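# Quick check, what structure comes out for this input:
(2 chains)
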Amino acid sequence: MSITATQTTSSDAREAYAARVEAARGRSTEPAWLTSRRAAAAARLVTEGFPTTRDEEFRFTNVAPIASKVFPAADVPPGRASLEALRAQATVPGLDAHELVFVNGRFAPELSSADRLPAGVRLTNLASTLGADPALVEPLFGRAIKFDMQGFTALNTALASDGAVLVVDPDVVVDQPIHFVFLSSAPAPFGAHVRNLLKIGRHAQVRIVESYLGEAGQEYFTNAITEVEGGDGSQVEYCRVQRESMSAYHVSGTHLHLGRSAVFASESLSLGGGIVRNDVNAVLDGEGIHCTVNGLYLVDGDRLVDNHTTIDHAKPHCESHELYKGILDDRGRGVFNGKIFVRQDAQKTDAKQTNQVMLLSDDATIDTKPQLEIFADDVKCTHGATIGQLDETQMFYLKSRGIGDAHARAILLHAFAADIVERIEVPALREHLENLLLERLPID
Amino acid sequence: MLQITNLQARVDDKPILKGINLTVKPGEVHAIMGPNGSGKSTLAQVLAGKADYEVTGGSVTLDGHDLLDLDPEERAREGVFLAFQYPVEIPGVSNSYFLKAALNAVRKQRGLPELDAIEFMKLVKAKMKLLEMDPAFLSRSVNQGFSGGEKKRNEIFQMAVLEPRLAVLDETDSGLDIDALKIVSSGVNALRSPERATIVVTHYQRLLNYIVPDFVHVLSDGRIIKSGGKELALELEAKGYGWLDQEAVARA
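This next block holds a predicted model:
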């Protein structure tokens, strides 16, 4: 059976990755704490391997196509024309943002514009910060996660050498959004392991956008982790726009650790990628936190998008709202798993989770699973999943006004998806994404 | 203009309409009254083409064209308009987009060119005045978060924009306070014209004080059991529906 074959290959792959870590160790100028974390992560990867469908968390998502290959770093930088085209695609018209651009996982200062930062904001890249100020990185790298959570996290810890580092001092309000742009283009398959580290100080406010884009048709692997430390009373809007090549593999982890009265609102859009796995883990570690985790996924062809979220209500009086919407067509597959933990302490928790899915073809599938574990007794937790076709009452209403069947369908489908995009607070980004959505789900 | 002949329809296996005969001429307003479950709303929805109802016999023609063969959108383009008893909320679709799509679909059928954004706004603003609507309404999602009165006004507003040949108002008065009822009624009255036929389905006579019908029909158990002028509505209001059923039984 293929699992055995896969495991053999995968075992080769992880040995190869471990060898890369070992080789890098000899010539590394990295701080000792990081070298040892990388070695431990590589060792973990060798012994435990990548997840398989026998792991509960990956039951419906076969990552063998990723795990069975060794994706080297991209050695050759992309051609100028291709890079410029990608850069143009990633540009959000009218968005006046501080931008850090990465190409194939490496910082590209010449494409970035982060030189007009207000006082109290540090925006740099991981590779240079590790050289210049490793003490800044140490408490943030792996703060919100354990490096050995699973194979891809271990791989990221072992190999991630670059990414964005953002530190906002307490009470600082950052007016312009901050945009991290990750562009991928190379002649041969490659892997980019990026680690973004964000520390938002007490009562600071910031809006962050992360965009992932790749050259159409190319096969590559993005393994991205973002760790966010949201201080007490901080206010963060975080928007993640994944527009990888339809042949790319995209594995991401967004790990949030939030303090008292923090407000964190996020939207995650999965528009591209052949196999996509997004994990969001939020620890609400103070009273009065509001955490919103919304997502939209559009899946067609033979693609797969898996969203796993965990909201950990560790303290009382917190609210979490979660709305994921998916549109699945052709033989597209979707997975949604939403865990909510309410600890014994976390009285007066208000947690709401919804996953709504449109299945447009008989061959499209969704596996959706809410998972609530509640140890407190005075809480309000709701979850719901709806899977279906378009609402017949709405269809009839539109048609009864003269709108044709195909047009009515397109209108409703678009509206279903636009619901998530309309929640984005940054106007230029919202309009840009509304236009992208119109391209994917045209209504006229 | 509208000719309904021996119309029979059922939902699931339950017959609801058991042979309706009705002729509505241009310029006329016909009220259809009747107790709950008599088939009033079913008749309205069958005319609009709702798929839940299966027509098992009879015919419906508008200007000589067979309506029953047409899809709901084709009927709308032929000039049928149903003001819904329960207008449907459509989150994420703005009223202006919805109306423009509908209007252009109807205009196309009538051989008229599509309206551009400026022409459309001009038309829509004039019609909004008629229904005393807040212009901010245009950018809101269709019926989402509307009060009962706003929803009903929106129905008549859509009717004003689409200018149907046949308007069917399904319990447009239900859930309206007197102020909203007056606004909605004056909107409907402003749309009365020698070219337009109107059917007003209602449970209560109250609406007919404001929209004065030319004819009143009483529907009971899927049949029209009595027809008369506007005074029939007053009689119904005074005596209820019971005496008609007895009369029908006595005749049978």
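# List the buried residues of stretch B:4-12.
Using 16 or more other CB atoms under 10 Å in any protein chain shown as the burial criterion, the residues of stretch B:4-12 that qualify are B:4, B:7, B:8, B:9, B:10. Just so you know, the C-beta spots here come from the backbone N, C-alpha and C atoms, and that holds for glycine as well.
# so where do the strands sit in the stretch 201-350 of chain A?
Assigned by DSSP state E, counting those that start in this stretch, the strands in the stretch 201-350 of chain A fall at A:205-214, A:221-230, A:235-243, A:249-258, A:263-270, A:275-284, A:290-299, A:304-313, A:319-328, A:333-342, A:350-359.
# can you redo those as TSV with distance to chain B, mean neighbour count and mean pLDDT?
Shown next, in TSV, are these (distance: least, CB to the nearest CB, whole Å; neighbours: other CB atoms under 10 Å in any protein chain shown; pLDDT from 0 to 100):
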stretch	distance to chain B	mean neighbour count	mean pLDDT
strand A:205-214	22	23	98
strand A:221-230	29	25	97
strand A:235-243	19	22	98
strand A:249-258	26	25	97
strand A:263-270	15	23	98
strand A:275-284	23	24	97
strand A:290-299	12	24	98
strand A:304-313	21	24	97
strand A:319-328	11	22	97
strand A:333-342	20	23	97
strand A:350-359	11	20	96
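# show me where the stretch 1-150 of chain B has strands.
B:2-11, B:14-24, B:29-33, B:53-62, B:65-66, B:80-83, B:90-94, B:141-142.
# Show me the helices in the chain, by range?
Just going to use chain A. For chain A, applying DSSP state H gives helices covering A:2-27, A:32-48, A:64-67, A:80-90, A:126-132, A:134-137, A:151-159, A:392-399, A:405-421, A:427-440.
# right idea, wrong chain: chain B
Assigned helices in chain B, in chain order: B:40-48, B:72-78, B:95-109, B:117-130, B:148-162, B:178-190, B:206-210, B:231-239, B:242-251 (criterion: DSSP H).
# What's the mean pLDDT across the last one?
Per-region confidence: helix B:242-251 scores 68 on mean pLDDT.
# Leaving out sequence neighbours, find the closest residue to residue A:20.
residue A:159 (6.9 Å; CB to CB, 6 or more residues apart in numbering or on different chains).
# Next, count neighbours for the one you found.
24 (other CB atoms under 10 Å in any protein chain shown).
# Distance of it relative to residue A:39?
12 Å (CB to CB, to the nearest Å).
# what touches both of those two?
The contact sets of residue A:159 and residue A:39 overlap at residue A:21 (CB atoms under 8 Å, 6 or more residues apart in numbering or on different chains).
# mean pLDDT lowest for which of the helices of chain A?
Mean pLDDT values for these show the minimum at helix A:2-27, a mean of 70.
# still on that earlier bit, what sits against the residue nearest to residue A:20?
With CB under 8 Å, 6+ apart, residue A:159 has these contacts: A:17, A:20, A:21, A:38, A:191, A:193.
# Could you find the residue in chain A that comes nearest to chain B?
At 2.9 Å from chain B, residue A:415 is the closest residue in chain A, using CB to the nearest CB.
# what's the nearest residue to that residue if we skip its chain neighbours?
Excluding the flanking residues, the one nearest residue A:415 by CB to CB, 6+ apart is residue B:92, at 2.9 Å.
# The one you found touches residue A:421, doesn't it?
No. Checked against CB atoms under 8 Å, the pair residue B:92 and residue A:421 is beyond contact range at 9.4 Å.
# got the residues of the stretch 51-200 of chain A near chain B?
Applying CB under 8 Å from any CB of the partner chain, we find that the stretch 51-200 of chain A lies next to chain B at no residue.
# can you map out the strands along the stretch 51-200 of chain A?
Applying DSSP E, counting those that start in this stretch to the stretch 51-200 of chain A gives strands spanning A:98-103, A:106-107, A:121-125, A:164-168, A:178-184, A:191-200.
# low-scoring pLDDT stretches of the stretch 51-200 of chain A, where are they?
Scanning the stretch 51-200 of chain A with the threshold set as pLDDT under 70 gives A:144, A:146-148.
# cool, chain B as well?
By pLDDT under 70, the weakly predicted segments of chain B are B:245, B:248-252.
# what does it have sitting close to chain A?
Counting by CB under 8 Å from any CB, chain B comes close to chain A at B:48-51, B:71-73, B:75-77, B:81-82, B:84, B:87-88, B:90-93, B:97-98, B:101-102, B:105-106, B:109, B:141-142, B:158, B:162.
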